[in-house]
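> Mind folding the following:
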Amino acid sequence: MIITFLRTILVYFFVIVVLRLMGKRQVGELESSELVVTIMISELAVMPIQDPQQPMASSLIGILMLLIIEVLLSFLTYKNKTARKIVYGTPSVFVENGKIKQKEMENQRFNINDLMEELRNNGVCDLSEVEYVIMETNGNVSVILNAQNRTVTPSDLSLEPAPVEMSYIIIDAGEVIKTNLKTLGFDDNWLSKTLGEKGFKRPSDIFYMSANRSGDIYIIPMLKKGEKA
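Predicted coordinates:
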């Protein structure tokens, strides 16, 4: 039992490190080759846990080999367009200039019900509103509206809006995030003064606080005992 427990912990952290080394996209948007690697890693990871007689080294070496292959393959596809096309394929266009490409939908076994489902998932109710529908190489479907139905932007109205500013978390559940405070160019004195102006005595009174470089802040107080959210 203790051996299984220790093996589980070791494999767990080992796989986390491997997935982090593969990159963030490995977790969020998997290409077919990445999906295969992920499945194989999961199979190799459980082998020494299920069977205590199974040497851990063989599973760990196998996982490392998959990591090396995936990293090398990612580098190759980054540098070479032909390799990228062979490994990941190319996007499939189902609607182009408002016209359905029936042959491409047939090739990808993507019927009209699938198409309408994807449109609804993207907040589109009518096919006539669409200019392009593209299935990306990772299987996600992108929907681009035509000029009559797309969202109006400031450039359409010849406006020059103020630049978008990133907000940073300053206080998280009563704890001050010092690195974010420093990134914004503020210090503890600014924080104390700001909290005082808002009627708070200390950071522990704050559940969430964010700020941007202009000093705009947003605060959610910490719930007191007996209060309901």
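
> which residues sit against stretch 215-225?
By CB atoms under 8 Å, 6 or more residues apart in numbering, the residues outside stretch 215-225 that reach it are 165, 167, 170, 173-174, 194, 198, 200, 204-211, 229. Bear in mind the C-beta positions are built from the backbone N, C-alpha and C, glycine included.

> Give me the buried positions along the helix ranked longest in the chain.
Ranked by residue count and defined by DSSP state H, the top helix of the chain is helix 56-79. Neighbour-count burial for helix 56-79 flags 56, 59, 60, 62, 63, 66, 67, 70, 73, 74, 77 (criterion: 16 or more other CB atoms under 10 Å).

> Alpha carbons only: can I get it in CSV?
The C-alpha trace of helix 56-79 is given here as CSV (Å, rounded to 0.1, in the frame of the first residue of the first chain):
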residue,chain,number,x,y,z
MET,A,56,9.0,2.4,-12.6
ALA,A,57,12.0,3.2,-14.7
SER,A,58,10.5,1.7,-17.8
SER,A,59,7.4,3.9,-17.6
LEU,A,60,9.4,7.0,-16.7
ILE,A,61,11.8,6.5,-19.6
GLY,A,62,8.9,5.9,-21.9
ILE,A,63,7.3,9.2,-20.9
LEU,A,64,10.6,11.0,-21.3
MET,A,65,10.9,9.5,-24.8
LEU,A,66,7.4,10.8,-25.7
LEU,A,67,8.4,14.2,-24.3
ILE,A,68,11.5,14.3,-26.5
ILE,A,69,9.6,13.2,-29.6
GLU,A,70,6.9,15.8,-29.0
VAL,A,71,9.3,18.6,-28.4
LEU,A,72,11.4,17.7,-31.5
LEU,A,73,8.2,17.4,-33.6
SER,A,74,6.9,20.7,-32.4
PHE,A,75,10.3,22.4,-33.3
LEU,A,76,10.3,20.7,-36.7
THR,A,77,6.7,21.8,-37.5
TYR,A,78,7.5,25.3,-36.3
LYS,A,79,10.5,25.6,-38.7
